[in-house]
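>>> Need the 3D shape of this:
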Amino acid sequence: MNRTQKIVFTLAAILMVGVGACLWLLLSSRSPAQTPAMTEAGVLLMKEPRGVPAVSMSDQDGSQVRLDKLTGHWTLVFFGYTFCPDICPTTLAQLRQIDSRLPAASRARLKVVFVSVDPQRDSPGQLKQYLGYFDPAFTGLVGTPESLEQLANGLSIPYIAPDTRQPNYSVQHSGNMALLGPDGTQRGLIRAPFNTEKVLAVLPGLLSGN
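Here you go, the predicted model:
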């Protein structure tokens, strides 16, 4: 194993430890509303809602969005980046499929937000073009490294800041999604990898609540 492979392996191991810690935190404080079907689908609800950090980021149109003000609907927050070779395009394609197959009433109560973990390369314009390949209705957000770190920590979605001096660098990040309720608080997460059919089976019931 060469030095580069060792670094990648170490970073991946650190990320997995972070993911495990986040899941333990959520599983140890699950909501009474948690059902076996939700658990099977990877939907993990918290016992108590948790506040979202009051950070602002730019959306794909250049407007400022406060993350603690995403109210009036349920929100799925996925962290990724446009240069991601695998998990990001796969997950966004699944989200497009899920959104297109939800009943109309459920679809109206759900928003998808894609937060870039690569603010060095992902501009608002880059995000707009990228998300257009999947669903133009998805919201893309990019902020400063500081606001990104604050949001990721607040939602328990780990990532590892890359060495941006390296050419064609990649970003190690969790594939889990944060689940925000209509009041703007975090209600839980959806654990990766996703099973589209199982998630579709439980989402309408979840989205019908407050």
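>>> what number of residues lie near the closest residue in space to S116 that isn't next to it in sequence?
Beyond its immediate neighbours in the sequence, the residue positioned closest to S116 (Cβ to Cβ, 6 or more residues apart in numbering) is D122, lying 3.9 Å away. Where you see a C-beta, it was placed from the backbone N, CA and C, and this is true even at glycine. Other residues within reach of D122 by the criterion other Cβ atoms under 10 Å amount to 23.
>>> Also the one 3 residues further on?
In terms of burial, G125 registers 12 neighbours under the definition other Cβ under 10 Å.
>>> correct me, but it touches S58?
No - with contact defined as Cβ atoms under 8 Å, G125 and S58 do not form a contacting pair (10.4 Å).
>>> Residue ranges in the chain under the pLDDT threshold?
Under the criterion of pLDDT under 70, the regions of the chain flagged as low confidence span 1-30.
>>> what's the neighbour count on the closest residue to Q120 other than its chain neighbours?
Nearest in space to Q120, with sequence neighbours left out and distances taken as Cβ to Cβ, 6+ apart, is T164 at 4.7 Å. If you count neighbours by other Cβ under 10 Å, T164 ends up with 13.
>>> and if you look at P162?
18.
>>> now the helices for this structure?
Along the chain, the stretches classed as helices by DSSP state H are 3-27, 36-41, 87-101, 104-107, 124-132, 145-155, 196-207.
>>> hmm, back to that, was I right about the residue nearest to Q120 contacting V117?
No - using Cβ under 8 Å as the test, T164 is too far from V117 to be in contact (11.7 Å).
>>> so who does the closest residue to S170 other than its chain neighbours touch?
Nearest-residue entry for S170: P162, 6.7 Å, with adjacent residues in sequence omitted and distances by Cβ to Cβ, 6+ apart. For P162, the residues meeting the contact criterion (Cβ atoms under 8 Å, 6 or more residues apart in numbering) are 118, 169-172.
>>> now F114
The neighbourhood of F114, defined by Cβ under 8 Å, 6+ apart, consists of 78-80, 92, 127, 131, 138-141.
>>> Is it bridged to anything, and to what?
Here F114 shows beta-bridge partners F78, G140, assigned using DSSP bridges.
>>> Distance of it relative to S123?
Here the criterion is Cβ to Cβ, to the nearest Å. By it, F114 lies 14 Å from S123.
>>> what do you get for P193?
The span separating P193 from S123 equals 29 Å under the rule Cβ to Cβ.
>>> didn't P124 look like it was pressed against V65?
No - at 10.9 Å, P124 and V65 do not qualify as touching, with contact defined as Cβ under 8 Å.
>>> anything in contact with each of those two?
By Cβ under 8 Å, 6+ apart, the residues touching both P124 and V65 are 58-59.
>>> My guess is W74 contacts V112. True?
No - with contacts defined as Cβ under 8 Å, W74 does not count as touching V112, sitting 10.0 Å away.
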